[in-house]
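Novice: fold the following, please.
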Amino acid sequence: MSGNSHLSALPDTLGSLAREGRTTGSIQDTRPRRGARPPRKGAIAGEGGVVRSTRGELSVPPIGRSPTRAEARPVVRSTRTRDTGARSAPSWHLNTKCDKGRNRRNRPKVKEFKEYLKTTSRLTLELHLFDTHTGKREKVLLPYMHRWTPQYRNKTLAKFYKFNEWWKDQDRPPITLLTLTTYQDSAYAEQHHGSRVSMVEAFEILKRSWDKLRVMLRKRVLCRPFDYLWSIEPHLKRDTGYPHMHVAIIGELTDNEKAEVKRLWSEVYNAGSYEQGAYFSEECLDAKKDISNAGFYLFKYLGKSFCIDPEKMTAGELAFNAVLWEKRYRQWGASQTISGAMKLDTGDSARYIFLEASLFREGWTGIIRAAPEAVIEHIREEWNQVCSNFFDDSVII
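Specialist: Model (predicted):
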């Protein structure tokens, strides 16, 4: 006799009990049905068919026969008539920031991004240079620097101080602060934008729409060249990680000009709502009386998310920075005039001549063997850019 042969006799046993007039309700009620919930209080059970209750309907097999998988599944039909339009989460779902659906889709890229940070934190750039003043070969060790390192933050802050010098030379003009926001993965976006928007799509919408708006400001709205600074940051209020853009426009806009910007952003570019898509601060920042250091003020306003310690990043910030890393998006920029004013002094650039360079990490026997391919490719591109810069006639250190 096989190990489960006693199960085959179960229908006959139930049938004999029924012929003897003994109840089978208790036996049937205690039999587990795979995937089926027990009827709630108020349900009316019959001899097979459907069990009805205030919660819905459940298919039940006739007495004396095991349920099939189709019968064991709850029937989709329900007696509920109210439709709230909201999607309910499964009962087992933990409503935590790191498990939000929009962030969960980015988990593989977040993992690669964190691996990139871990790998580059152990790298050292080894340069071999020729000092034309001493006639000797010099070896210089530098930390591997990218936008998520403290060295990059210090360099960026130095550039904003250079902007402050330019701003003072321009007699401290007023500054208009503008925030540009786009749609997210929501029912609101589906209704007003036509579709839900992924995080990568939100980056693309911001970039594309800002490029168009910048041209229209110069040609149609302001009808003059203008200078500006911009920065992209993640939404922190709900920790979605979706990007929004801060723009500091040098000069003051009229109410009609602001209304035209809002109209272009919402109606022409379909990039965001009219009310919040293009939001101007209530008052233009009159730097002559409000602040004495516009560079540091704008650095805090535009660069709140610059160089946050990855260990302290929220799930949304990690997802945001992982997209920046994967797509090689810029996080901030400026007009041509301000970019020129923010260039740092290079010192005596003709003193050193580049000879060779290498990446170094203690204990290495190969080149980035343990890192994922995506990390290797990213470092390779950065490394090629470094080499192309050093292969000029001179090198800056």
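Novice: burial measure for residue 260, as a count.
Specialist: Residues within reach of residue 260, counting by other C-beta atoms under 10 Å, total 19. Where you see a C-beta, it was placed from the backbone N, CA and C, and this is true even at glycine.
Novice: in a helix, residue 353, correct?
Specialist: No: using DSSP: H, G, I helix; E, B strand; the rest coil, the assignment for residue 353 is strand, not a helix.
Novice: where's it relative to residue 126, distance?
Specialist: 16 Å (C-beta to C-beta, to the nearest Å).
Novice: residue 236 now?
Specialist: The value you get for residue 236 to residue 126, if C-beta to C-beta is used, is 39 Å.
Novice: pLDDT weak spots in the stretch 201-350 of the chain?
Specialist: Along the stretch 201-350 of the chain, the parts satisfying pLDDT under 70 run over 283-293, 302-308, 349.
Novice: tell me where it has strands.
Specialist: Here the stretch 201-350 of the chain has its strands, by DSSP state E, counting those that start in this stretch, at 228-234, 243-250, 278-280, 332-334.
Novice: want to try JSON lines for those strands, with distance to residue 321 as columns?
Specialist: Converted to JSON lines, the strands of the stretch 201-350 of the chain look like this (distance: least, C-beta to C-beta, whole Å):
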{"stretch": "strand 228-234", "distance to residue 321": "8"}
{"stretch": "strand 243-250", "distance to residue 321": "11"}
{"stretch": "strand 278-280", "distance to residue 321": "24"}
{"stretch": "strand 332-334", "distance to residue 321": "14"}
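Novice: could I get those strands as CSV with mean neighbour count and distance to residue 145?
Specialist: Listed next are those as CSV, based on neighbours: other C-beta atoms under 10 Å; distance: least, C-beta to C-beta, whole Å:
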stretch, mean neighbour count, distance to residue 145
strand 228-234, 22, 19
strand 243-250, 22, 24
strand 278-280, 21, 34
strand 332-334, 18, 16
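Novice: so what's the residue count around the closest residue to residue 130 other than its chain neighbours?
Specialist: Leaving aside its sequence neighbours, residue 130 sits nearest to residue 353 (C-beta to C-beta, 6 or more residues apart in numbering; 4.4 Å). Other residues within reach of residue 353, judged by other C-beta under 10 Å, total 13.
Novice: what about residue 353, distance to residue 158?
Specialist: 26 Å.
Novice: do the same with residue 383
Specialist: 24 Å.
Novice: repeat for residue 297
Specialist: According to C-beta to C-beta, residue 297 and residue 158 sit 16 Å apart.
Novice: the more surrounded of those two?
Specialist: Using other C-beta under 10 Å as the criterion, residue 297 and residue 158 rank with residue 297 on top: 18 against 13.
Novice: show me this protein divided up by domain.
Specialist: Partitioning the chain according to automatic domain parsing yields domains covering residues 5-72, 106-144+345-397, 151-343.
Novice: for residue 358, phi and psi?
Specialist: Note on residue 358: backbone dihedrals following degrees, to the nearest 10 are phi -150, psi 160.
Novice: that one is in contact with residue 124, isn't it?
Specialist: No: proximity of residue 358 to residue 124 does not meet the contact threshold set by C-beta atoms under 8 Å, at 9.2 Å.
Novice: and the strands of the stretch 201-350 of the chain: which comes nearest residue 168?
Specialist: Set against residue 168 and scored by C-beta to C-beta, the strands of the stretch 201-350 of the chain come closest in strand 243-250, at 12.8 Å.
Novice: measure how that closest one sits relative to strand 228-234, angle-wise.
Specialist: Interaxial angle of strand 243-250 relative to strand 228-234 (axes from the mean of the first three to the mean of the last three C-alpha atoms, to 10 degrees): 160 degrees.
Novice: packing partners for strand 243-250?
Specialist: Judged by 3 or more C-beta pairs under 8 Å, 6 or more residues apart in numbering; DSSP states H and E, strand 243-250 is in contact with strand 175-181, helix 199-216, strand 228-234, helix 294-302.
Novice: CA atoms only for that strand - export them in CSV, please.
Specialist: Output in CSV follows, covering the C-alpha atoms of strand 243-250 (Å, rounded to 0.1, in the frame of the first residue of the first chain):
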residue,chain,number,x,y,z
PRO,A,243,13.5,64.8,-8.8
HIS,A,244,12.5,68.4,-8.8
MET,A,245,14.6,71.4,-10.0
HIS,A,246,15.6,74.6,-8.2
VAL,A,247,16.4,77.6,-10.5
ALA,A,248,17.9,80.9,-9.4
ILE,A,249,17.3,83.5,-12.1
ILE,A,250,19.4,86.7,-11.9
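Novice: ok, back up a step: among the strands of the stretch 201-350 of the chain, which is nearest residue 258?
Specialist: With C-beta to C-beta as the criterion, residue 258 lies closest to strand 278-280 of those, at 5.1 Å.
Novice: OK, contacts around residue 128?
Specialist: Residues in contact with residue 128 (C-beta atoms under 8 Å, 6 or more residues apart in numbering) are 137-139, 355-357.
Novice: nearest to residue 329 among these?
Specialist: When these are ranked by distance to residue 329 (C-beta to C-beta), residue 357 comes first, at 26.5 Å.
Novice: and the closest one, how close does it get to residue 124?
Specialist: Residue 357 is 11 Å from residue 124, by C-beta to C-beta.
Novice: so for these two, which residue has more residues nearby?
Specialist: Neighbour count, other C-beta under 10 Å: between residue 357 and residue 124, residue 357 has more, with 19 against 13.
Novice: just grab the bridge partners of the more buried one for me.
Specialist: residue 127 (DSSP bridges).
Novice: can you tell me how far it is from residue 127?
Specialist: 5 Å.
Novice: repeat for residue 112
Specialist: Distance from residue 112 to residue 127, by C-beta to C-beta: 28 Å.
Novice: now do the same contact list for residue 296.
Specialist: Going by C-beta under 8 Å, 6+ apart, the list of residues near residue 296 reads 157, 160-161, 164.
Novice: please flag which of these sit within helices.
Specialist: 157, 160-161, 164 (DSSP state H).
Novice: closest to residue 339 out of these?
Specialist: residue 160 (12.1 Å).
Novice: distance check, the closest one against residue 182.
Specialist: Distance from residue 160 to residue 182, counting by C-beta to C-beta: 26 Å.
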